[in-house]
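A.B. asks: my questions concern the predicted model and sequence given below.
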There are 2 protein chains.
Amino acid sequence: MKKSNLSPFSLSFKDVESFFNLDKIKQLYGIHKNLTWEDIKILVKIAKFRRYRNKSYVIEAGEKNTNVFFIFKGLVRSYKVNEKGDEITVSLYRENQFFLSAECHLYQNKSSFYFECLEPTFACFADVTKIQEILSRDKKVDETREFVSLKIFQQNYERINSFVLLTPEERYLDFVEKNPDLNQRVPNKYIANVLGVTPVSLSRIRKRLAMKKE
Amino acid sequence: MKKSNLSPFSLSFKDVESFFNLDKIKQLYGIHKNLTWEDIKILVKIAKFRRYRNKSYVIEAGEKNTNVFFIFKGLVRSYKVNEKGDEITVSLYRENQFFLSAECHLYQNKSSFYFECLEPTFACFADVTKIQEILSRDKKVDETREFVSLKIFQQNYERINSFVLLTPEERYLDFVEKNPDLNQRVPNKYIANVLGVTPVSLSRIRKRLAMKKE
DNA sequence: TTTACAAATTATCTTTTGTTAACGTTTTCC
DNA sequence: GGAAAACGTTAACAAAAGATAATTTGTAAA
């Protein structure tokens, strides 16, 4: 049984500034520009804020959702239900990360994925057309978008390489190294899916690794 | 033994127009803009053209190459040599496709991948900084770049999904369906790598599928 | 604390894959 | 044309993964 979400709400600039870690974001996305809080305000103005309960949906399959989401706090997984009825988790999104339904944005389709919170999550979002309006007028913020796009491209590129070049075991070690906290926060079965193996298989990989260590 | 390449050369607009299939490109990349041959000329002007022999390198590992390449005719594979000394092919690039060294562009690093022609290949290329100069001045062409980026993002997204959601057998069927000609043109061992399996395993997959059909 | 449910591990068995090597076929290059 | 190299297939064996079910562990609700 999935609980309903709380409603979106607006926030004062001061409120938002208090939990918006600009330095951290600039570091994460390699933003070298002299980007200030004042630059971002124009985006904050159109954003809606929302708290999501644990296990609630940000986007449901069948929905046409063209919002761009940004997570302040919490954790979201995207998953698909296959023909057998199994949920397969494809991606995890964490604090300071953006996510959106690629199907809704790239193909103007309904989403075939669910976006479900794995923790109580606090996020903001805005429709992509509204964002683009602003970006077309504000060159500085638009350049920032470039950094974010680049980072996401980079992550996708590395993930493809990991599937071709690494074994499941190596992918798991890589995941743990890069996301030591997620390894604790995320149920194992979801991590298994993300790595392209079954939960049972990941359990065995962990056992093998534990044996090796001794 | 790898042969050396022929030298890059310039071409007249008329020459280029004759083998540059703008309609095909617009269709492939979903470019809805009223893009004309005249718009592209500005890019053609700075591009260098080059014929590559079969098995020659477009980019070699250890090189710092920030060119963006576009293939008119031919086929290129990107591969990496792992610790065991095996070549692992990660991607295939064909006519009307762009490619570049992600490492050189995203990380300002040397390439750890080789880009090798699997056929006699005819391509053009230009350094990314020169391209960006032009794009910053010509809005129409810059919007076209957006379409191309989107298409590449889309392809990467689908490839990640295929690794998580599909079995190797399903990935192979998907590859054949989407690239019936490549299945003929590309040696099987490279296709196997791209799908994330060994050549021996792909051979067995093909056999299993042949058995099923009867 | 007890109960109930979900998650992780373990076990068993089957299927698939990796690895190495052999074999026949095709291609490449003198 | 003929030797050498490259390719795809097949075989044999070991290792790993998928599927299913049972068991244990952990967590949350009553």
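C.D. replies: Structure received.
A.B. asks: could you use CA atoms for every contact and neighbour count after this?
C.D. replies: Noted.
A.B. asks: now the end-to-end length of stretch A:8-23.
C.D. replies: End-to-end span of stretch A:8-23 (CA to CA, to the nearest Å): 26 Å.
A.B. asks: actually, stretch A:191-203.
C.D. replies: 11 Å.
A.B. asks: repeat for stretch A:29-39
C.D. replies: 16 Å.
A.B. asks: give me the contacts around the helix or strand bottoming out on mean pLDDT in chain A.
C.D. replies: Comparing every helix and strand of chain A by mean pLDDT, DSSP states H and E singles out helix A:13-19 as the least confident one, with a mean of 78. If you take CA atoms under 8 Å, 6 or more residues apart in numbering or on different chains as the criterion, helix A:13-19 is touched by A:Trp37, A:Lys41, A:Val44, A:Phe72.
A.B. asks: what's the nearest residue to A:Thr121 if we skip its chain neighbours?
C.D. replies: Closest residue to A:Thr121 apart from its sequence neighbours, by CA to CA, 6 or more residues apart in numbering or on different chains: A:Gly74 at 4.1 Å.
A.B. asks: quick check: phi and psi at the one you found.
C.D. replies: When read as degrees, to the nearest 10, the backbone of A:Gly74 gives phi 120, psi -160.
A.B. asks: quick one, what contacts the residue with the shortest distance to the centre of chain A?
C.D. replies: Centrality entry for chain A: nearest residue to the mean C-alpha point is A:Tyr93, 2.5 Å, by CA atoms, centre = their mean. Contact partners of A:Tyr93, counting by CA under 8 Å, 6+ apart, are A:Ile71, A:Leu75, A:Val76, A:Arg77, A:Phe99.
A.B. asks: same check on A:Lys151?
C.D. replies: Contacts of A:Lys151 (CA under 8 Å, 6+ apart): A:Tyr29, A:Gly30.
A.B. asks: same check on A:Ser10?
C.D. replies: Per CA under 8 Å, 6+ apart, neighbours of A:Ser10: A:Ala47, A:Lys48, A:Phe49.
A.B. asks: go with 6 Å
C.D. replies: A:Ser10 sits next to A:Lys48, A:Phe49 when contact means CA atoms under 6 Å, 6 or more residues apart in numbering or on different chains.
A.B. asks: any idea of the mean pLDDT for the longest helix seen in chain A?
C.D. replies: Secondary structure assigned by DSSP state H gives helix A:139-165 as the longest helix of chain A. Across helix A:139-165, pLDDT averages out at 95.
A.B. asks: between it and helix B:139-165, how many degrees?
C.D. replies: Helix A:139-165 runs at 30 degrees relative to helix B:139-165, counting by axes from the mean of the first three to the mean of the last three CA atoms, to 10 degrees.
A.B. asks: just to revisit the earlier point, could you pull up phi and psi at the residue nearest to the centre of chain A?
C.D. replies: Torsion angles, degrees, to the nearest 10, at A:Tyr93: phi -130, psi 130.
A.B. asks: again, but for A:Leu173
C.D. replies: phi -60, psi -40.
A.B. asks: now swap in A:Glu38 and tell me
C.D. replies: phi -60, psi -40.
A.B. asks: next: A:Cys117.
C.D. replies: phi -80, psi 130.
A.B. asks: quickly list what it is bridged to.
C.D. replies: A:Val76 (DSSP bridges).
A.B. asks: neighbours of it, just the number please.
C.D. replies: 24 (other CA atoms under 10 Å in any protein chain shown).
A.B. asks: okay, it: pLDDT?
C.D. replies: Predicted confidence (pLDDT) for A:Cys117: 95.
A.B. asks: next one: the one 5 residues further on
C.D. replies: pLDDT for A:Phe122: 93.
A.B. asks: and for it, the neighbour number?
C.D. replies: Neighbours of A:Phe122 under the rule other CA under 10 Å: 18.
A.B. asks: repeat that for A:Asn67.
C.D. replies: 21.
A.B. asks: that one is in contact with A:Cys124, isn't it?
C.D. replies: No - under the criterion of CA atoms under 6 Å, A:Asn67 makes no contact with A:Cys124, lying 9.6 Å away.
A.B. asks: before we move on, back to that, C-alpha coordinates for the least confident helix or strand of chain A, PDB please?
C.D. replies: Extracted in PDB, the C-alpha atoms of helix A:13-19 (Å, rounded to 0.1, in the frame of the first residue of the first chain):
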ATOM      1  CA  PHE A  13      14.400  32.600  -1.000                       C
ATOM      2  CA  LYS A  14      15.800  32.600   2.500                       C
ATOM      3  CA  ASP A  15      14.400  29.200   3.300                       C
ATOM      4  CA  VAL A  16      15.700  27.700   0.100                       C
ATOM      5  CA  GLU A  17      19.200  29.300   0.500                       C
ATOM      6  CA  SER A  18      19.500  27.600   3.900                       C
ATOM      7  CA  PHE A  19      19.400  24.100   2.500                       C
END
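A.B. asks: for whichever helix or strand comes after it, what is the average pLDDT?
C.D. replies: Per DSSP states H and E, the first helix or strand lying C-terminal to helix A:13-19 is helix A:22-28. Averaged across helix A:22-28, pLDDT comes to 93.
A.B. asks: list the contacts of the helix or strand hosting A:Phe70.
C.D. replies: Here A:Phe70 sits within strand A:67-73, counting by DSSP H and E. Strand A:67-73 has contacts (CA under 6 Å, 6+ apart) with A:95-100, A:121-128.
A.B. asks: and if we set it to 10 Å?
C.D. replies: A:16, A:19-21, A:47-51, A:58-59, A:93-101, A:104-105, A:119-131 (CA atoms under 10 Å, 6 or more residues apart in numbering or on different chains).
A.B. asks: sheet partners, orientation included, of it?
C.D. replies: strand A:98-99 (antiparallel), strand A:121-127 (antiparallel).
A.B. asks: tell me the most buried of these?
C.D. replies: Greatest average neighbour count among the strands paired with strand A:67-73 goes to strand A:121-127 (a mean of 20), per mean count of other CA atoms under 10 Å in any protein chain shown.
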